[in-house]
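okay, predicted coordinates and the sequence, questions at the end:
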Amino acid sequence: MAGRNNTITHTGKVVGVSDDKITVLVPRASACSACHAKGFCTSTDSKETLMSIPNRGEIVTLNEDVTVSIQRSVGFQAVALAFILPVILVLAVIFILPSVSNVSEEFAGLVGLASLIPYFLLLRLLNNKFTKKFIFHIEKLQ
């Protein structure tokens, strides 16, 4: 991951092109091994990541090297929705539920974990809205 202005960029290779999406294979950067957050990052789960990006009229061909970028602020919003808010939700349920009702901490923990189900279902239902908001840009490498 390299920062350019206010963007987060990754270099990859186009492995699929259709009318509605472009699939880019992004190799894991060698800098990941030295990163202090590699244990928490989902990009370290495999050596490569497939990014499925809506095709907005970009003209790319298979096996072409491209740069995929997104605004840094939008990237932080995605991280907040996927990781930070669910943790806050679970912790809020775990701490608030026993104080407002007569339930055990164990039950509150289970309810806290169960609260993730409707949260992630809601995110899934709002997927089209997020697709319009979280816009990736593709540029051909020179």
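Cool, got the structure. Numbering: from 1, shown residues only.

just read off the phi/psi values of the spatially closest residue to residue 141 that is not a sequence neighbour.
Distances taken as Cβ to Cβ, 6 or more residues apart in numbering put residue 65 closest to residue 141, at 4.4 Å, once the chain neighbours are dropped. Placement of C-beta: from N, CA and C, glycine included. When read as degrees, to the nearest 10, the backbone of residue 65 gives phi -80, psi 130.

OK, contacts around residue 65?
11-14, 140-141 (Cβ atoms under 8 Å, 6 or more residues apart in numbering).

can you list the residues you listed in CSV and add distance to residue 81?
Converted to CSV, the contacts of residue 65 look like this (distance: Cβ to Cβ, whole Å):
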residue, distance to residue 81
11, 25
12, 23
13, 28
14, 27
140, 30
141, 30
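
what are the ranges of the strands in the chain?
Under the criterion DSSP state E, the chain contains strands at 2-4, 7-17, 21-27, 48-54, 65-71, 137-140.

so which of the ones you listed is nearest residue 130?
strand 48-54 (11.2 Å; Cβ to Cβ).

pLDDT of the closest one, averaged?
Here strand 48-54 scores 84 as its mean pLDDT.

among the contacts of residue 65, name the buried ones.
Buried by 16 or more other Cβ atoms under 10 Å: 11-14, out of those.
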